[in-house]
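**Q** Need a 3D model of the following:
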Amino acid sequence: MTTVSGILSFDLSDTNLEQSPGEPISLFSSGRVEIEGQESWAEVRIVRHANDQGSHLASQPGGWRGVVVVGEEWFGILQNAFLAPQSFLLNIAFSGETDAADAPLALKDIALTLMRSAATTEESAA
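**A** Numbering: from 1, shown residues only. I've put the predicted structure just below:
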């Protein structure tokens, strides 16, 4: 079993709030991922805790695609940040384990950091 560490980074202004029929609301975002110093793109669906689903990333040509499962409190915080007029950045640090090079990476020890992004506009005096 191989263990790696990494970080996912997303701008919540580039995130979609989605709900498929019969499924709970989720946040879908694309951004970047860095795993063991190698950077590439990632598409991740962020969902509330579910007993039948674990956090994972699967390698895709040129990047990663996966699911990050968070608790009810964190999902509420992320949903509110998504709906806020300010822009927020989300970093998800993790360690991951895999049995084989082509197997999905099971994410463990997930730590979320949410921060307001720097202002991109300047106010000018009249």
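**Q** List the residues that contact residue 86.
**A** Applying C-beta atoms under 8 Å, 6 or more residues apart in numbering to residue 86 gives the contacts 116-117. No exception for glycine: its C-beta is placed from N, CA and C like everyone else's.
**Q** Show me which parts of the helix or strand of the chain with the lowest mean pLDDT are buried, residue by residue.
**A** Using mean pLDDT, DSSP states H and E, strand 15-18 stands out as the lowest-scoring helix or strand of the chain, at a mean of 86. Across strand 15-18, burial judged by 16 or more other C-beta atoms under 10 Å covers residue 15.
**Q** Equivalent analysis for stretch 42-61, please.
**A** For stretch 42-61, the neighbour count (16+ other C-beta under 10 Å) marks 42-48, 55-57, 59 as buried.
**Q** quick revisit: show me what the least confident helix or strand of the chain is packed against.
**A** On a contact count with 3 or more C-beta pairs under 8 Å, 6 or more residues apart in numbering; DSSP states H and E, strand 15-18 meets strand 26-35, helix 72-83.
**Q** rewinding a little: restricted to strands, list the buried residues of stretch 42-61.
**A** Judged by DSSP state E, strands contain the following of the buried residues of stretch 42-61: 42-48, 56-57, 59.
**Q** Greatest separation within those: which pair is it?
**A** 48 and 59 (25.3 Å; C-beta to C-beta).
**Q** Might one say that residue 5 is in contact with residue 96?
**A** Yes. Using C-beta atoms under 8 Å, residue 5 makes contact with residue 96 at a distance of 7.4 Å.
**Q** overlap in contacts of these two?
**A** Common neighbours of residue 5 and residue 96 (C-beta under 8 Å, 6+ apart) are residue 35.
**Q** Those two: who's more crowded?
**A** More neighbours surround residue 96 than the other of residue 5 and residue 96, with 22 against 14 (other C-beta atoms under 10 Å).
**Q** Setting the sequence-adjacent residues aside, check what's closest to that one.
**A** Among residues not flanking residue 96 along the chain, residue 105 sits closest, at 4.0 Å (C-beta to C-beta, 6 or more residues apart in numbering).
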